[in-house]
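> compute the structure for the input listed below.
(one chain, ligands or ions: 1)
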Amino acid sequence: MPGDKSISHRALILGALAAGRTTIAGLLEGEDVLNTASVLRALGADIVRDPAGVWHVHGFGVGGFSEPTDILDHGNSGTGVRLMLGAVATTPITATFTGDASLRKRPMRRVLDPIERFGAQTVTRDGGLLPITIKGAKNPIPITYRLPVPSAQVKSAVLLAGLNAPGDTTVIEAEATRDHTERMLTHFGAVVRRQKIEGGLTAITLTGQPELRASHVQVPADPSSAAFPMVGALIVPGSEVRIEAVMLNPTRTGLITVLKRMGADITIENERSESGESVGDLVIKAGPLKGIDIEPEIAPSMIDEYPILAIAAAFAEGRTKMTGLGELRVKESDRLAAIADGLIACGIKIALGSDWLSVEGLGAGGMPGGARVATHMDHRIAMAFLIAGLAAKAPVTVDDTSFVATSFPDFIPLMQSLGAIFTRPNQ
Ligand code: S3P
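Numbers count the residues shown, from 1 in each chain. Purely as a prediction, here's the structure:
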């Protein structure tokens, strides 16, 4: 399985902000992460891949970015651009960021609001959209910021901005979002404290201007990519699939919890720790699934997994209702609409609200399929509906597979090695 996307972005960024040579093994070589590497190079980092596939980052230390001479293009990656806007916000350089047509539609105000409080100045398109020019703060002021949306990207942007501000920067969150930035900052030698405060909130505090130590990062397999063969194994009768060294950070394992509640046969073996993250091998066996109600509180721990969960729900017996899905409207596409439209096209009955979806499952082998699904420049919509095609009565076609390369470049050959058959409609 490919390396975790979240960890890969962060390893490159913290490697660039550490003095000395950081090595990264298992880096996800998907377009999103490669774009982050290019942006960091344009900001002065020396980043190379050795013949054994290990990445070497020669960092410049906290506050060491140099001014780029051209526009910085993050392609399809919200994580890349939001984390980098935070990272440069407290260094006195001017930089202009952009992305592809999908990224240029996505909300950036959520990171600009806090980073302006550090003293950065920004100019955006109407509505806070990319392209965005940022003039980093010369004399940054550390901030305390309560997240208005449960977003690890916003939390991470604030913490990365806090790195070059004197004193303590604190982020307050109501719901636990993925904590890779905090863990990796600690791995690189920064001081990060996590504390429960009143009202069930959590405060995460970073001590600014640390000397980050160059480190080695072993990137575990991405649970969000593993989700596709995992659900494929559950819905194709007779399957048994083992997926090795998958990250099992509890802020990412919501899908496994939910699928088990739906009756899935998933076991975890060899649980261990790698570079501050827990990992394990997953063994998944096909079997019947039943529809359930999924509570909103679990959404942040499986936010990228709803497209493939909706496919599992379509092959379950009975109704699955998913709530608390407002954030899906602002991912690589309006994922809630894309999932709903795709399921309807495949012959599944659904009901849709502004932040919820219910799916009337037709049981094993019940999905008619035979549809052409619009993917809207969204890798996870493409992969989810291709997996649906593995078990539907008639093949499922997606209109574009090019974006799969953003997160899972070997998805097609890997699924072929498990027996999946793909054809191009015009061949
Ligand atoms: C990510 C956080 C999530 C997720 C994205 C990766 C990260 O976004 O959807 O794919 O690496 O921090 P939000 O934190 O905005 O929900």
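> got the contact list for residue 232?
Listed by CB atoms under 8 Å, 6 or more residues apart in numbering, the contact partners of residue 232 are 239, 241, 387, 390, 391, 415, 418, 420. C-beta here means a position set from N, CA and C on the backbone, and glycine is covered the same way.
> helix or strand next in line after the helix or strand harbouring it, which one?
Using DSSP states H and E, residue 232 sits in helix 223-235. Once the chain leaves helix 223-235, the next helix or strand it forms, by DSSP H and E, is strand 240-247.
> identify the residues contacting that next one?
Residues contacting strand 240-247 (CB under 8 Å, 6+ apart): 1, 4, 7, 220-223, 226, 229-230, 232-233, 274, 277-286, 418.
> ok but residue 425 is inside a strand, no?
No: counting by DSSP: H, G, I helix; E, B strand; the rest coil, one finds residue 425 to be coil, located in no strand.
> my read is that it contacts residue 398, right?
No: counting by CB atoms under 8 Å, residue 425 sits too far from residue 398 to count as a contact (9.9 Å).
> export the contacts of residue 232 as a markdown table, with columns for neighbour count.
Compiled in a markdown table, the contacts of residue 232 are given as follows (neighbours: other CB atoms under 10 Å):
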| residue | neighbour count |
| --- | --- |
| 239 | 18 |
| 241 | 17 |
| 387 | 29 |
| 390 | 24 |
| 391 | 23 |
| 415 | 20 |
| 418 | 13 |
| 420 | 18 |
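> can you put those in CSV and add pLDDT?
Output for the contacts of residue 232, formatted as CSV (pLDDT from 0 to 100):
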residue, pLDDT
239, 98
241, 98
387, 98
390, 98
391, 98
415, 98
418, 97
420, 97
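> tell me the strands beside the helix or strand where residue 97 lies, with direction?
Residue 97 belongs to strand 94-98 when elements are defined using DSSP H and E. Paired strands of strand 94-98, with direction, are strand 72-73 (parallel), strand 129-135 (antiparallel) (DSSP bridges).
> identify whichever of those strands lies nearest to the ligand.
The ligand lies closest, by CB to the nearest ligand atom, to one member of those: strand 129-135, at 15.2 Å.
> what does the closest one rub up against?
Counting by CB under 8 Å, 6+ apart, residues outside strand 129-135 touching it are 71, 81, 85, 88-89, 92-99, 103-108, 112, 115, 120-125.
> neighbouring strands - and their directions - for the next helix or strand after that strand?
Next along the chain after strand 129-135, taking DSSP H and E as the criterion, comes strand 144-146. Strand pairing for strand 144-146, using DSSP bridges, gives strand 168-173 (parallel).
> outside of the strand it pairs with, which residues touch it?
142-147, 150, 155, 158-159, 161-162, 197, 201-208.
> the residues you listed in strands, which ones?
Using DSSP state E, the subset of the contacts of strand 168-173 located in strands is 144, 145, 146, 197, 201, 202, 203, 204, 205, 206, 207.
> let me have the strands paired with strand 94-98 in JSON lines, adding distance to residue 268, mean pLDDT and mean neighbour count as columns.
Converted to JSON lines, the strands paired with strand 94-98 look like this (distance: least, CB to CB, whole Å; pLDDT from 0 to 100; neighbours: other CB atoms under 10 Å):
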{"stretch": "strand 72-73", "distance to residue 268": "39", "mean pLDDT": "98", "mean neighbour count": "22"}
{"stretch": "strand 129-135", "distance to residue 268": "39", "mean pLDDT": "98", "mean neighbour count": "19"}
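> so is stretch 323-342 next to the ligand?
Yes: legend: contact between stretch 323-342 and the ligand by CB under 6 Å from any ligand atom is shown at residue 327.
> still on that earlier bit, now the strands paired with strand 94-98 in TSV, with distance to residue 16?
Formatted as TSV, the strands paired with strand 94-98 follow (distance: least, CB to CB, whole Å):
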stretch	distance to residue 16
strand 72-73	13
strand 129-135	17
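> for the ones you listed, which one sits closest to residue 58?
Nearest to residue 58 among these is strand 72-73 (19.1 Å), distances taken as CB to CB.
> follow-up on the earlier one: and the strands paired with strand 94-98: which comes nearest residue 324?
strand 129-135 (25.5 Å).
> name the residues of the stretch 51-200 of the chain found near the ligand, please.
So far as CB under 6 Å from any ligand atom goes, the stretch 51-200 of the chain lies against the ligand at 79, 151, 152, 153, 156, 177, 178.
> against residue 367, how distant is the fifth one?
Think residue 156. 37 Å (CB to CB, to the nearest Å).
> more neighbours: which of these two?
Higher neighbour count among residue 156 and residue 367: residue 156, with 29 against 25, using other CB atoms under 10 Å.
> may I ask which helix or strand encompasses the residue lying closest to that one once chain neighbours are set aside?
Nearest non-adjacent residue to residue 156, counting by CB to CB, 6 or more residues apart in numbering: residue 181, 4.0 Å away. Using DSSP H and E, residue 181 sits within helix 180-187.
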